[in-house]
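> predicted model and sequence follow; I will ask about them next.
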Amino acid sequence: MPIPRARLSCGFDTTFLQLPEKFYQLCSPQPVTAPELRLFNHELAEELELPFDAKEPELTACLAGNLLFADSHPLAMAYAGHQFGSFVSQLGDGRAILLGEKVTADGRRFDLQLKGSGVTRFSRNGDGRAALGPVLREYIVSEAMHVLGVPTTRSLAVLTSGEKVVRSEGALPGAILVRVASGLVRTGTFEYFSARNDEEAIRQLAEYVIARHYPESAENEKPFHHLFAAIASAGARLTAQWMALGFIHGVMNTDNIAVSGETIDYGPCAFMDHYHPNRVFSSIDFSGRYRYSAQGSIMKWNLSRLGNCLLPLFGQDGEAFIETVTGSFEQEFMQLLTEAMLCKIGIEAPREGDSSLLQELLALMQQEETDFTLTFHHLADCLDGDTTPFSTLFHNNTELPAWLERWQKRMKAAEEEPATNRQRMKAVNPLFIPRNHRIEQAIHAAQEHDDFTPARKLLQVLQTPFTEQPEFAEFAKAPKVEERVLHTFCGT
Ligand code: AMP
Ligand code: MG
C-alpha cells in the first residue's frame, strides 16, 4: 500500500536503486497506530546534515513509516546468510526498510534505515516488527560503541508504535529503530547471488562496494583481489577492537557481517562483566559458536564464505588467493589483538616476556572472575601506587602480588613517565561501558512504566566513557552477583 508523502525531504541520493531490481524489493513501511518519538539523536542528525526538527510532527510520522519523506524511494534489500553455520539462501530485510542514502557536504554517504517497519517480501513467517527492548538495546550499545571508537552502525531515533508485538515473553510494546550505516551490504548479500550462480550480479555488487567503501581498490590493477584483502583487514581491525573491549557480538552469522567493516545487528550482544574467554550470552548459542574467544576464527570463517562468492571474479588461482588472504587475516587479527591488549596493560613497545605477562593476568582474571573493564581500568591506578581498587578485584589471590610486582618493574623499564603511562592506559581502558544490567534496567523502566529517563541517563553517562564521573559512580560498578544478566536474546 502506498503511503502519503510528507513535505519534508532529506536530500537523499539513493545509489542502491541503480542496481537491478533483483537486489531489492521496492516497498513502503507499514504505518503504525500511535507513533511517539522517544529518543532522538540530535548530534547525529546534525552530523548527517539532516534538516530535522524533532518537534516537527511530520518528522515523527516519517520516522515511524506513516509518511514518506518527499525524496524517499524505500526498499528492502535481498540477502542470504550462514546462520550458525547453516546456509539459508533467502533472508533479506524482513523487518527493515532503507529510506534512502544521504551524502554530507564532505562527501560521506549514509544509509538511513527503519527497523521494525513492517513486513516485506523477505519476512518469511515474521511480523516485520520489533519490540521496544531490543530496539533500546541496539540504540544504547551502538551509540556507546561509536564513542568508544569502534566502527558501527549508529542510532538516530527510537519510536514506540502504540502497538503490541507478540514474542515468547508475551505481548510487548512495539518500537521502531531509525538506524544509520555507512552501508548495509553484508557478506550474505554476496551469498544471495552466489547461491543463484549469478556472476553478473556478484560483479555489480563488488563494483558497488568498491565505489562506496573501498575506492582505492578501483585504482588497483586487480580491483576485486584488492577489495577482498581490504574487507579482510577491516574485519581484523573490527574484531580486535571488539575483543579489547570485552565485547561479544553474539550472532556473527554472515548476514550480520557488513562488508564496510562496521559492527551491525546488535541482537544478543553484550559487554562481558566477569572475565571468561568462553563467555556466551546469547540464549540461542547453545554450542558457544560465537563465544568471546572464538570471534577471530569466526570472522575468518565468514571471510572464506565471502571469498568463495568472489571466486568467479578472481580468475586463475582464486582458491590460493583466498587462502593467502584468510591466512593474512589471521596474522593481522592476532597482531592487532595482542597490540591492543598489551596497550591495555600499558605496553606500547613490546619486549620479550610481555605476552606471558598479559596471559598470566588473563589467567588470574579468569580464576577470580574479575570484571573485565574494571580490572584494566584500575590497573592504571597502580602506577600512582594506589593498588587497592585493582587488588580488591582479586580477593587476596596469593599469586597477584608477584604478578603486580613484575608488571610494576616492567613499567619502570618503559620509556615514559608514570603519569604519561597512566594517561595512555586510561585512554584505552574505559570506566563506563553499556553494562547488561543497566541496559535491562533502562528497558524495564521504558517497557513497564513508559519511563525513558533511565535510558537517557545511561546514554548520557556513556557519552564520556573514559572520564571519571563521580556523580555517576554507580554506573561504573560491576553487577552484584544477583544483578548479573547471564543471557541475552535475539529480539526477533
Ligand atoms: P536477525 O537474526 O535479526 O539478524 O534476522 C535474521 C533474519 O530474520 C533477517 O532476514 C531478518 O530480516 C529476519 N527477521 C528477524 N525478525 C523478524 C521479524 N520480526 N519479522 C520478519 N523478519 C524478521
Ligand atoms: Mg540480521
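Noted; the coordinates are in hand. Only a predicted model underlies this, so the values are computations on that prediction, with no experimental measurement involved. Numbers count the residues shown, from 1 in each chain. Ligands and ions are numbered 1, 2, ... in the order given.
> tell me where the protein is predicted with low confidence.
Judged by pLDDT under 70, the chain has its weakly predicted residues at 1, 415, 491-492.
> give me the domain ranges for it.
Domains of the chain are assigned by automatic domain parsing as 15-184, 188-343.
> looking at the ones you listed, which is closest to Ser355?
domain 188-343 (6.6 Å; Cβ to Cβ). Any C-beta I mention is one placed from the backbone N, CA and C, and that applies to glycine too.
> for the chain, list the residues in contact with ligand 2, please.
Within reach of ligand 2 by Cβ under 5 Å from the ion, the chain has these residues: Asn256, Asp265.
> let's go with 8 Å and repeat that
Gly81, Leu91, Arg186, Val251, Asn253, Asp255, Asn256, Ile264, Asp265, Gly267 (Cβ under 8 Å from the ion).
> what is the subsequent helix or strand relative to the helix or strand harbouring Tyr192?
Assigned by DSSP states H and E, Tyr192 falls within helix 187-194. The helix or strand immediately downstream of helix 187-194 is helix 199-213, counting by DSSP H and E.
> ok, then the element right after that next one?
Counting by DSSP H and E, what follows helix 199-213 is helix 215-219.
> so which bits of that following helix are buried?
For helix 215-219, a neighbour-count test (16 or more other Cβ atoms under 10 Å) marks Ser217 as buried.
> alpha carbons only: can I get it in PDB?
Extracted in PDB, the C-alpha atoms of helix 215-219 (Å, rounded to 0.1, in the frame of the first residue of the first chain):
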ATOM      1  CA  PRO A 215      37.500   3.400  -3.700                       C
ATOM      2  CA  GLU A 216      41.300   2.700  -3.500                       C
ATOM      3  CA  SER A 217      40.600  -0.800  -4.800                       C
ATOM      4  CA  ALA A 218      39.400   0.700  -8.100                       C
ATOM      5  CA  GLU A 219      43.000   2.100  -8.600                       C
END
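> does anything pack onto it? Which helices or strands?
helix 199-213, helix 223-244 (3 or more Cβ pairs under 8 Å, 6 or more residues apart in numbering; DSSP states H and E).
> give me the contacts around it.
Residues from elsewhere that reach helix 215-219, judged by Cβ atoms under 8 Å, 6 or more residues apart in numbering: Ile210, Ala211, Pro223, Phe224, His226, Leu227, Ala230.
> what angle separates the helix or strand Ser304 falls within from helix 187-194?
Using DSSP H and E, Ser304 sits within helix 295-314. In terms of direction (axes from the mean of the first three to the mean of the last three Cα atoms, to 10 degrees), helix 295-314 departs from helix 187-194 by 40 degrees.
> which helices and strands sit right next to helix 295-314?
So helix 295-314, by 3+ Cβ pairs under 8 Å, 6+ apart, packs with helix 187-194, helix 199-213, helix 223-244, helix 318-344.
> can I assume Arg422 is in contact with Ala380?
Yes: counting by Cβ atoms under 8 Å, Ala380 is a contact partner of Arg422 at 5.0 Å.
> any idea how far the helix holding Ser304 is from the chain center?
With Cα atoms, centre = their mean, to the nearest Å as the basis, helix 295-314 stands 19 Å off its chain's centre.
> if you count neighbours, what's buried in it?
295-296, 298-303, 305-307, 309-314.
> report the separation between the most centrally placed residue in the chain and Gln469.
The centroid of the chain falls nearest to Thr263 when counting by Cα atoms, centre = their mean (3.1 Å). Distance, Thr263 to Gln469, using Cβ to Cβ, to the nearest Å: 25 Å.
> flag every residue of this protein that's near ligand 1.
91-95, 122-123, 126-129, 255-256, 265, 267, 490, 492 (Cβ under 6 Å from any ligand atom).
> can you tell me how far Pro350 sits from ligand 1?
Distance, Pro350 to ligand 1, by Cβ to the nearest ligand atom, to the nearest Å: 38 Å.
> hmm, Leu342 and that residue touching each other?
Yes: here Pro350 reaches Leu342: they are 5.5 Å apart, a contact under Cβ under 8 Å.
> circling back: mind listing the residues bridging to the residue nearest to the centre of the chain?
Thr152 (DSSP bridges).
> contacts only, for it.
Counted by Cβ under 8 Å, 6+ apart, Thr263 has contacts Ser142, Met145, Val150, Pro151, Thr152, Thr153, Leu238, Trp242, His249.
> part of a helix, is the second one?
It stands for Met145. Yes: counting by DSSP: H, G, I helix; E, B strand; the rest coil, Met145 is located in a helix.
> does Pro173 sit in a helix, a strand or a coil?
The three-state label given to Pro173 by three-state DSSP is strand.
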